[in-house]
Every structure is written in C-alpha cells, then in structure tokens.
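K.L.:
coordinates for the following, if possible.
(one chain, ligands or ions: 1)
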Amino acid sequence: MTSTLSISPLDWTPAVSKVEASAAALPWSEMNLRSCFEADYQNFGIWSQDARELYAFILVHQPLADEWTIMNIAVAPQAQRQGYAEALVRHVLAKAARQPAKVFLEVRSSNNAARKLYQKVGFQEIGLRKNYYPTLSDTKEDAIVMLWHKPTEI
Ligand SMILES: CC(C)(COP(=O)(O)OP(=O)(O)OC[C@H]1O[C@@H](n2cnc3c(N)ncnc32)[C@H](O)[C@@H]1OP(=O)(O)O)[C@@H](O)C(=O)NCCC(=O)NCCS
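P.N.:
Got it, this is the predicted structure:
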C-alpha cells in the first residue's frame with residue numbers, strides 16, 4: 001500500500017479540520033489548525049486518488065533550519081492502519097535527514113497508537129511535561145517529549 005501513496009504539499013483547506021475532528025478525541029480548533037499554515041511551516045497530505053477526499057495530514061513547524069517540530073498528524077478513521085501516518089512521518093524525516101534537522105514532538109502519554117508509530121520510525125522519548133494536556137474527564141495528562149535525529153549525528 002505504502003508504495004502507491006502519493007504525498008503532496010498541503011495548503012490550508014477545511015478538509016484538515018474534517019480529518020482532525022473525525023480522528024482526534026480532543027480535536028484542535030480550526031483556528032489552531034489554520035495557524036499552522038503560516039510562515040515557518042511545511043505541511044503534507046495524502047488525498048484519495050480523485051483528490052476529493054483528504055485522508056491524512058502532517059503539520060511541521062520549522063522555526064529554525066535545524067530544529068523542526070511535528071505539531072500534529074491525523075488520519076481519517078476509514079484510512080487508518082494502512083501505513084499513511086508512517087509514510088507521512090518518514091517523508092518528513094527524509095527531508096530532515098537531508099537538511100539536516102532534529103525533529104521534536106509531544107504526544108499524550110495515553111496515545112499508544114501514536115507513541116508506537118513514533119518509536120517505530122526512530123523517535124526516542126527524552127522528557128515529560130507533567131499535566132500538560134486537558135482531557136475529556138476534566139483532568140490533565142502528561143506529554144511525552146520525543147526526539148528524532150539522524151543516527152550518524154550521535
Ligand atoms: C496515530 C495515527 C496518526 C496513526 O495513523 P495510521 O495511519 O493508522 O498509522 P499507520 O497505519 O501508519 O501505522 C504505523 C505504525 O503506528 C503504530 N500504530 C498505528 N495505529 C496503531 C494502533 N491503533 N494501535 C497500535 N499501534 C498503532 C504501529 O506501530 C504501526 O505499525 P504496524 O502497522 O507495523 O503495527 C492515527 O491513529 C490517528 O490519526 N490518531 C488520532 C490523532 C492522533 O492521535 N495524532 C497524534 C498526535 S501526537
């Protein structure tokens with residue numbers, strides 16, 4: 001499946017909100033998502049073959065040439081477990097390796113799917129932000145901070 005995927009640069013479209021709302025338990029607001037389509041971001045998407053439906057997106061903040069952050073990634077439920085997220089993250093990491101740039105991200109401690117994805121592609125857990133995220137039950141949840149860098153940089 002992954003070999004036939006077509007990843008393209010992504011400009012703002014309401015379809016981003018639609019994917020986010022369908023995939024995330026606590027979705028980002030449209031305002032927050034839109035703010036990731038300003039300068040210093042490089043974003044990518046995977047569309048259906050007829051380009052009518054956005055299946056997945058990844059939003060990457062690049063405030064410094066050598067320090068990037070994956071701000072968000074989401075895959076529509078009907079498109080999950082088909083390698084789309086992995087393909088998007090690997091696409092970004094290939095670019096980061098060429099730059100070269102380190103890539104950071106934060107993920108909810110309870111988000112096992114995302115943590116497994118990031119571990120699979122080579123991210124390492126480097127820190128914890130206690131009580132960082134709101135939850136559906138009005139409590140707070142820790143963020144795991146993860147880092148990827150080119151293996152040869154060690
Ligand atoms: C997390 C998410 C992006 C994964 O997208 P996906 O396209 O289904 O993931 P992939 O098919 O590319 O899976 C790649 C790897 O991720 C891990 N993974 C993905 N979904 C998983 C799940 N439900 N349970 C366990 N591991 C999972 C596995 O290691 C998988 O590799 P494998 O297929 O060899 O087991 C998707 O579940 C999603 O959109 N979740 C809601 C939004 C979210 O949590 N975003 C992360 C913000 S930090």
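
K.L.:
spell out which parts of the chain neighbour the ligand.
P.N.:
23-24, 72-75, 80-86, 107, 111-114, 116-117, 120 (C-beta under 6 Å from any ligand atom). For glycine as for every other residue, the C-beta is placed from the backbone atoms N, C-alpha and C.

K.L.:
which ones among those are found in helices?
P.N.:
A23, Y84, A85, E86, N112, A113, A114, K116, L117, K120 (DSSP state H).

K.L.:
all strands for this structure, in order.
P.N.:
Per DSSP state E, the chain carries strands over the ranges 7-9, 41-47, 54-64, 67-75, 102-108, 124-134, 140-148.

K.L.:
output the below-cut-off pLDDT ranges for this protein.
P.N.:
Filtered on pLDDT under 70, the chain yields the residue ranges 1-4, 152-154.

K.L.:
centroid residue for it?
P.N.:
Geometric centre of the chain, nearest residue: I73, 2.8 Å, by C-alpha atoms, centre = their mean.

K.L.:
show me the beta-bridge partners of that residue.
P.N.:
I58 (DSSP bridges).

K.L.:
where's it relative to V92, distance?
P.N.:
Distance, I73 to V92, by C-beta to C-beta, to the nearest Å: 9 Å.

K.L.:
ditto for A85
P.N.:
11 Å.

K.L.:
where do the contact lists of these two overlap?
P.N.:
I58 (C-beta atoms under 8 Å, 6 or more residues apart in numbering).

K.L.:
residue contacts, A56?
P.N.:
Here A56 is in contact with V19, G45, I46, I73, A74, V75, A76, A79, Y84, A85, L88 (C-beta under 8 Å, 6+ apart).

K.L.:
let's go with 7 Å and repeat that
P.N.:
V19, G45, I46, A74, V75, A76, A79, Y84, A85, L88 (C-beta atoms under 7 Å, 6 or more residues apart in numbering).

K.L.:
give the contact list for the nearest residue to M71 once chain neighbours are set aside.
P.N.:
Computed as C-beta to C-beta, 6 or more residues apart in numbering, the closest residue to M71 that is not its neighbour in sequence is L59, at 4.4 Å. L59 makes contacts with C36, Y41, N43, M71, N72, as judged by C-beta under 7 Å, 6+ apart.

K.L.:
the second one: neighbour count?
P.N.:
Using other C-beta atoms under 10 Å as the criterion, Y41 is surrounded by 17 other residues.
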